[in-house]
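Asker: Sequence and predicted model, in that order:
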Amino acid sequence: MIELLNRIHICVGDITQLTVDAIVNAANESLLGGGGVDGAIHRAAGPRLLEHNRTLGGCPTGLAKITPGFDLVAIGIKHIIHTVGPVWHGDASASLSNTHEDVLLASCYHQTLTLALEHEIKTLAFPAISTGVYGFPKERAAKIAFGHVYHFLTQHPFPQQVTFCCFSQEDAAVYHQVIESRNEWMTSRKRVQPF
Ligand code: ADP
């Protein structure tokens, strides 16, 4: 767990300013831009992104599509992986992974990571998909995000590094707390295992 955590980072800031090979966009099904992180990415990547995305025919919720970074290539962001998170209509009292929204959000992470693997992307940054206007509960989303990224990294060499890019200190604290409690749980499991 500790070794793998060298490959997972948390930062606070604007995802369009990061020094990474690829960033993830929390897009909508049209892939033609919107508010929040989607708007910021379209502004930073420039009008060629919109032109390109008009040819893609949209993207269903839970899936992902990769594009060039367009104007973002100038700062080193070669690719944008657009994924469409679910709008939260779920029952927050349901156990984790048991709502349709949980399954769709997990699929976003899996599909994005699979594209990153196929393109041998070394460094990848995710925003907190679905936790803005789509209303997904933040801690629940962070558990799904971390769980899937962690599991994927145990199985695959790419991406080499994943950053969870949070837009506020409060959001970053949620990720830190999720990772800390998973770390404690893994450590306690190790302790009770026979040698
Ligand atoms: P969604 O529709 O998937 O909920 P939003 O863009 O509304 O997408 O929000 C997703 C997350 O991205 C939220 O946590 C929001 O605070 C965050 N966010 C918004 N702008 C940026 C940005 N420029 N960089 C990183 N994260 C951002």
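Answerer: Now that the structure is in, tell me what you want to look at.
Asker: which stretches of this structure form helices?
Answerer: Assigned by DSSP state H, the helices in the chain fall at 2-5, 36-45, 47-53, 100-118, 138-155, 169-192.
Asker: where among the ones you listed is the average confidence lowest?
Answerer: Lowest mean pLDDT of those: helix 2-5, a mean of 64.
Asker: neighbours around residue 15, how many?
Answerer: 24 (other C-beta atoms under 10 Å). From N, CA and C alone the C-beta is placed, and that goes for glycine too.
Asker: Spatially, what comes nearest to residue 53 if we skip its sequence neighbours?
Answerer: Distance criterion C-beta to C-beta, 6 or more residues apart in numbering; nearest residue to residue 53, sequence neighbours excluded, is residue 31 at 4.3 Å.
Asker: Residue 66 is in contact with the one you found, correct?
Answerer: No - checked against C-beta atoms under 8 Å, the pair residue 31 and residue 66 is beyond contact range at 11.4 Å.
Asker: Give me the pLDDT for the residue most central in space within the chain.
Answerer: When C-alpha atoms, centre = their mean is applied to the chain, the residue found nearest the centroid is residue 126 (3.3 Å). Listed pLDDT for residue 126 reads 99.
Asker: Dig out what the closest residue to it other than its chain neighbours forms beta bridges with.
Answerer: Leaving out its chain neighbours, the residue that sits closest to residue 126 by C-beta to C-beta, 6+ apart is residue 24, at 4.6 Å. Per DSSP bridges, residues listed as beta-bridge partners of residue 24: residue 81.
Asker: Report the contact partners of residue 24.
Answerer: Under the criterion of C-beta atoms under 8 Å, 6 or more residues apart in numbering, the neighbours of residue 24 are 15, 80, 81, 82, 83, 112, 124, 125, 126, 127, 129.
Asker: Distance to residue 138 added to these, as a markdown table?
Answerer: Output for the contacts of residue 24, formatted as a markdown table (distance: C-beta to C-beta, whole Å):
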| residue | distance to residue 138 |
| --- | --- |
| 15 | 16 |
| 80 | 23 |
| 81 | 21 |
| 82 | 21 |
| 83 | 18 |
| 112 | 19 |
| 124 | 21 |
| 125 | 18 |
| 126 | 14 |
| 127 | 12 |
| 129 | 11 |
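Asker: Scan these and report the most crowded one.
Answerer: Highest count within these by other C-beta under 10 Å belongs to residue 112, 29 neighbours.
Asker: Please tell me how far residue 51 sits from the ligand.
Answerer: 21 Å (C-beta to the nearest ligand atom, to the nearest Å).
Asker: same check, this time on residue 57
Answerer: 20 Å.
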